[in-house]
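A.B. asks: got a predicted structure plus its sequence, pasted below:
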Amino acid sequence: MLCAIAGLFASILVRQVLAGTNVGRSVPVPILVYLALSMAIGFAVWFIWIG
């Protein structure tokens, strides 16, 4: 659960950075892109934590 929350917050941070640089406008199907990004970051945190 902790890894999912970390992935969610990291995805929100990346979304804010992309929106600030106007790259977020060119993202196709943003809900799927940010969902996949959140899952990827969550898995990465999990792999790092488990070792």
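C.D. replies: That came through, no problem. Residues are numbered from 1 along each chain as shown.

A.B. asks: now the one helix or strand Ala36 maps to: buried residues?
C.D. replies: For Ala36, the host element (DSSP states H and E) is helix 30-50. Of all the residues in helix 30-50, those buried under the rule 16 or more other C-beta atoms under 10 Å are 33-34, 37-38, 41-42, 45. The C-beta positions use only the backbone N, C-alpha and C, and glycine is treated the same way.

A.B. asks: surely Tyr34 meets Ser11?
C.D. replies: Yes. Proximity of Tyr34 to Ser11 meets the contact threshold set by C-beta atoms under 8 Å, at 5.5 Å.

A.B. asks: which of the buried residues of helix 30-50 sits closest to Arg15?
C.D. replies: Nearest to Arg15, judged by C-beta to C-beta, of the buried residues of helix 30-50 is Tyr34 at 5.8 Å.

A.B. asks: show the backbone phi and psi for the most centrally placed residue in the chain.
C.D. replies: In the chain, the centroid-proximal residue (C-alpha atoms, centre = their mean) is Ser11; its distance is 2.6 Å. According to degrees, to the nearest 10, the main-chain angles of Ser11 amount to phi -70, psi -40.

A.B. asks: got the confidence number for it?
C.D. replies: If you check Ser11, the pLDDT there is 90.
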